[in-house]
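Novice: A structural model of the following input is requested.
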Amino acid sequence: MRQYHTVLFDLDGTLTDSQEGITRCVQYALSHFGIQEEDPEKLKLFIGPPLDDMFMEIYGFSQEKAREAREKYRERFSTVGMFENKPYEGIQELLADLRDQGVILGVATSKPEIFSRKILEKYGLEPYFHVISGADMEGVHGSKADVIEGALKLLGKGPKETKGILMVGDRKYDVEGARTCGLPCVGVGFGFARPGELTEAGAAYYAETVPDLRELLKKLTGDAD
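Specialist: Numbering: from 1, shown residues only. Predicted structure coming up:
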């Protein structure tokens, strides 16, 4: 019997390298408020968590100002930024492996679902997934725990039916959100986590590269001897 029959993936920093599009859109939003931010490390922190949270945490925006910044961000993201993005090398092959093994696949991302679907469709990844759960456009249900819970509901799983389901993500928010929902998480080192972030957050497994992740998931989802 296999250890895990279902795998949920984060999108940004896990399936795709979205740094260029996200950071440029954050710069665009900040410029609306007269802020010219050139520090790439500061801007990378926006990759993964809900946008409103990061505008408030990093720049001290009020909730209202953060919502305005989110709308400015989306002006550019909806036309240009979402496609300044590309799947990590080897991801499509990894997904094909899992599909061929009969593993159920899903996406759980804090990015709005409408944008997530367009990105997955453009790069030929959408057909691999049974469910895609993202935030709503207002960011009300955008925490990682919210979108994981949404994916579980789409799979017909209740809060006590999480055995055999695994999360994969590149930030502490993925690890923490998975734990809130009763799931173990694989932390990946090729995304945007700070050094030590995933270990400190309590990731159950770790994969440094896409080939490492492919090998790990093959073991975790394969039939036991």
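
Novice: top strand in this structure by residue count?
Specialist: As assigned by DSSP state E, the longest strand anywhere in the chain is strand 104-112.

Novice: can you list contacts of it?
Specialist: Contacts of strand 104-112 from elsewhere in the structure, counted by C-beta atoms under 8 Å, 6 or more residues apart in numbering, are 5-12, 15, 48-50, 95, 98-99, 116, 119-120, 128-137, 142-144, 147-148, 150-151, 154-155, 167, 173, 177. All C-beta atoms are positioned from the backbone trio N, CA, C, and that covers glycine.

Novice: and the next element down the chain from that strand?
Specialist: The helix or strand immediately downstream of strand 104-112 is helix 113-122, counting by DSSP states H and E.

Novice: which residues does that following helix contact?
Specialist: 11, 15-16, 77-78, 82-83, 85, 107, 109, 111, 126, 129, 132-137.

Novice: and the gap between the residue positioned nearest the centre of the chain and Ile104?
Specialist: Nearest to the mean C-alpha position of the chain, by C-alpha atoms, centre = their mean, lies Asp10 at 2.7 Å. According to C-beta to C-beta, to the nearest Å, Asp10 stands 16 Å off from Ile104.

Novice: any idea how far the helix or strand of the chain with the lowest mean pLDDT is from the chain center?
Specialist: Ranked by mean pLDDT, DSSP states H and E, the helix or strand of the chain with the weakest confidence is helix 40-44, at a mean of 86. Mean-position distance between helix 40-44 and its chain equals 17 Å (C-alpha atoms, centre = their mean, to the nearest Å).

Novice: please identify the buried residues of it?
Specialist: Leu43, Lys44 (16 or more other C-beta atoms under 10 Å).

Novice: who are the packing partners of it?
Specialist: Packing partners of helix 40-44 (3 or more C-beta pairs under 8 Å, 6 or more residues apart in numbering; DSSP states H and E): helix 19-31.

Novice: relative to strand 104-112, how tilted is the longest helix along the chain?
Specialist: Longest helix of the chain, by residue count under DSSP state H: helix 63-77. Here the directions of helix 63-77 and strand 104-112 differ by 110 degrees (axes from the mean of the first three to the mean of the last three C-alpha atoms, to 10 degrees).

Novice: got the contact list for the helix or strand just after helix 63-77?
Specialist: Downstream of helix 63-77, the first helix or strand assigned by DSSP H and E is strand 86-87. Defining contact as C-beta under 8 Å, 6+ apart, one finds that strand 86-87 is touched by Leu15, Thr16, Asp17, Tyr123, Leu125.
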